[in-house]
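Got a predicted structure here, sequence first:
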Amino acid sequence: MSQQPIPAPTPALDLNNIQGDILSGLPKKTQTYFFFQITDVKLFRSQLSHFVPLVKTTAQVLKDRKAIDDHKKRGDKTLIKMVGVNISFSHKGLVALGIDDTNLTSAEPSFEKGQKADAESLGDKGTGGGPTFVPDWEPEFLQDIHSVILISGDSHGTVDKQLKEIKSIFGLVPGQKASIKEVTTVVGDVRPGKESGHEHFGFLDGISNPSVIGFDKDPLPGPKPVRAGVLVTGHDGDLGPSPRPAWAVDGSYLTFRYLFQNVPEFNKYLEDNPVPVPGMTRKEGSELLGARMVGRWKSGQINNFRFQAEGTFQKLCPFSAHIRKTLPRADLEDFGPGISIEKNRIARRGVQFGPELTKEETKSNKTAHARGLLFACYSTSINTGFAFIQRSWANNASFPPGAAPAVPGLDPIIGQGLRTFSGTDPNTPSTNLTAPEFVIPRGGEYFFSPSLKGLKETFATV
């Protein structure tokens, strides 16, 4: 009898070589994104060697998280002073540095084009079309962006001090020669008190991130864990060009989106369109509408986690619900043999920005202060990750495929286009609702987060 070949063991993840935000997320109460252009390549490479020691690895993040857990177990409710720094580069940034990133661009046209050129295909509003399309973004994000530095910490004071040191390293202080030019800086904060962990519409956020085989020791129940290569380049599950160059191993693509949320308008929409369920008050009907638009209650409780009980109907959860659109689970995995959504998984690491609602905004039902989400996610493919989810699922009125003959409509939260959707009334699911945009993209870019070894041996060399 012939023996089956023994599969090669999966290489262990080098947690000292992977930037800390990718697999675990930098611990944060506040986070600053510092976007810049490289203006003096030789000087930047030299200065970068002084910056790299500040970059926090995944191994260091795990130590930080253990320190936080131990602190809490002792009953201490104060915050530990803590800061974490990571860095990522756009295609234009890699070109500016003279680094051949063909391996990263050959299968990722979105990364090569940049998000500004990709915005029309994502459904962002703008003027013109094709090569002349200009998205309705904040002016700063219409400029070229070469790199972004993420700084996370326990307080604004801690983060601001670290940013000041970083600016000094790159010469952004009087009397020194700078190698970079600031494009813009955006600051996000975890919401206060009982709203911590919830996005501005009030829903618990970030609870559907994938568990990673070989990294997460006690994965939460839910979708199947993914292979490490879905999030980290050069490992099993990375479907990109192989082999990766040494500097591109243990890295990940970072998608950043500057998403504004019209919260008073969203709340008013729920008030005006309560689901008419017998025995429910109008307020309860409004809460139910919000839950069915998102696919879970504000607490995070999910209507039906895998959707396998209703693959062809939407009594429990609408086909158009945000979490069903962006993580369809059984809607695809059980639709046909061999279908897997593993390649489409992303690890979200964003944070909210802007103030809490004011009394005036609540009374007028109109947004007066900018607030929303600094959306960030990691994956080893933008093409099958973020961009695919937005274009082919959230913006696709006919998705998921098992919904036919029903037409689900767009994702009512992030879908871009004619925002008509069905399924919000469980008793008459064919009834359609039309809603204005509640989430408005106002900027973004695609980046690549290289390994520590890559930063030291390829980026920080003259």
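Right, received. Where do you want to start?

CA atoms for contacts and neighbours, from now on please.
Noted.

So which residues of the stretch 51-200 of the chain form strands?
For the stretch 51-200 of the chain, the strands defined by DSSP state E, counting those that start in this stretch occupy 83-89, 126-127, 134-135, 147-153, 180-189.

Name the strands paired with the second one and say parallel or antiparallel.
Pointing back at strand 126-127 there. With DSSP bridges as the test, strand 126-127 is paired with strand 134-135 (antiparallel).

quick one: the strand it pairs with to chain centroid distance?
Relative to the chain's own centre, strand 134-135 is displaced by 21 Å; criterion: CA atoms, centre = their mean, to the nearest Å.

Pull the residues that contact it.
Lys116, Ala117, Ala119, Glu120, Asp124, Lys125, Gly126, Thr127, Gly128 (CA atoms under 8 Å, 6 or more residues apart in numbering).

sorry, back to before: tell me which of the strands of the stretch 51-200 of the chain approaches Pro412 most closely.
Among these, the nearest to Pro412 by CA to CA is strand 126-127 (20.1 Å).

what does that closest one contact?
The contact list for strand 126-127 (CA under 8 Å, 6+ apart) reads Glu120, Phe133, Val134, Pro135, Asp136.

And the pLDDT at the closest residue to the last one other than its chain neighbours?
So that's Asp136. Among residues not flanking Asp136 along the chain, Gly126 sits closest, at 4.7 Å (CA to CA, 6 or more residues apart in numbering). At Gly126, the model reports a pLDDT of 97.

Val83 versus Gly126, what's the distance?
37 Å (CA to CA, to the nearest Å).

For those two, indicate the residue with more neighbours.
Higher neighbour count among Gly126 and Val83: Val83, with 23 against 13, using other CA atoms under 10 Å.

quick one: the more buried one from Ile68, how far?
Counting by CA to CA, the gap from Val83 to Ile68 is 13 Å.

Quick one: residues in contact with stretch 431-445.
Outside stretch 431-445, the residues that touch it by CA under 8 Å, 6+ apart are 90, 114-116, 124, 136-138, 141-142, 145, 255-263, 265-266, 269, 372, 412-414, 416, 419-425.

ok, 6 Å please
With CA atoms under 6 Å, 6 or more residues apart in numbering as the test, stretch 431-445 has contacts from 115, 137-138, 141, 256-262, 414, 419-422.

okay if I get the strands of the stretch 51-200 of the chain as a markdown table plus distance to Arg442?
As requested, the strands of the stretch 51-200 of the chain are exported to a markdown table (distance: least, CA to CA, whole Å):
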| stretch | distance to Arg442 |
| --- | --- |
| strand 83-89 | 20 |
| strand 126-127 | 10 |
| strand 134-135 | 8 |
| strand 147-153 | 17 |
| strand 180-189 | 12 |
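
Looking at these, which is nearest to Gly229?
Closest of these to Gly229 is strand 83-89, at 18.3 Å (criterion: CA to CA).

residues contacting His91?
Glu112 are the contacts of His91 under CA under 6 Å, 6+ apart.

residue boundaries of the helices in the stretch 201-350 of the chain?
In the stretch 201-350 of the chain, the helices defined using DSSP state H, counting those that start in this stretch lie at 263-272, 282-294, 322-326, 330-333.

could I get the first one in PDB with only the CA atoms?
It refers to helix 263-272. Taking Å, rounded to 0.1, in the frame of the first residue of the first chain, the C-alpha atoms of helix 263-272 are listed here in PDB:
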ATOM      1  CA  VAL A 263     -25.600  59.600  13.500                       C
ATOM      2  CA  PRO A 264     -28.600  62.000  14.200                       C
ATOM      3  CA  GLU A 265     -30.000  61.200  10.700                       C
ATOM      4  CA  PHE A 266     -29.600  57.500  11.300                       C
ATOM      5  CA  ASN A 267     -31.400  57.700  14.600                       C
ATOM      6  CA  LYS A 268     -34.200  59.700  13.000                       C
ATOM      7  CA  TYR A 269     -34.500  57.200  10.200                       C
ATOM      8  CA  LEU A 270     -35.000  54.400  12.700                       C
ATOM      9  CA  GLU A 271     -37.600  56.500  14.600                       C
ATOM     10  CA  ASP A 272     -39.600  57.200  11.400                       C
END
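
Could I get the buried residue list for it?
Val263, Pro264, Glu265, Phe266, Asn267, Tyr269, Leu270, Glu271 (16 or more other CA atoms under 10 Å).

Among those residues, which one sits closest to Leu455?
The closest of those to Leu455 turns out to be Val263 (CA to CA; 40.2 Å).

Would you mind measuring from the closest one to Arg348?
Val263 is 21 Å from Arg348, by CA to CA.

Gly75 too?
Counting by CA to CA, the separation of Gly75 from Arg348 is 29 Å.

who's more crowded, those two?
Arg348 (24 against 8).

Tell me where the model's unsure across the protein.
Applying pLDDT under 70 to the chain flags residues 1-11, 220-221, 301-312, 335-337, 462.
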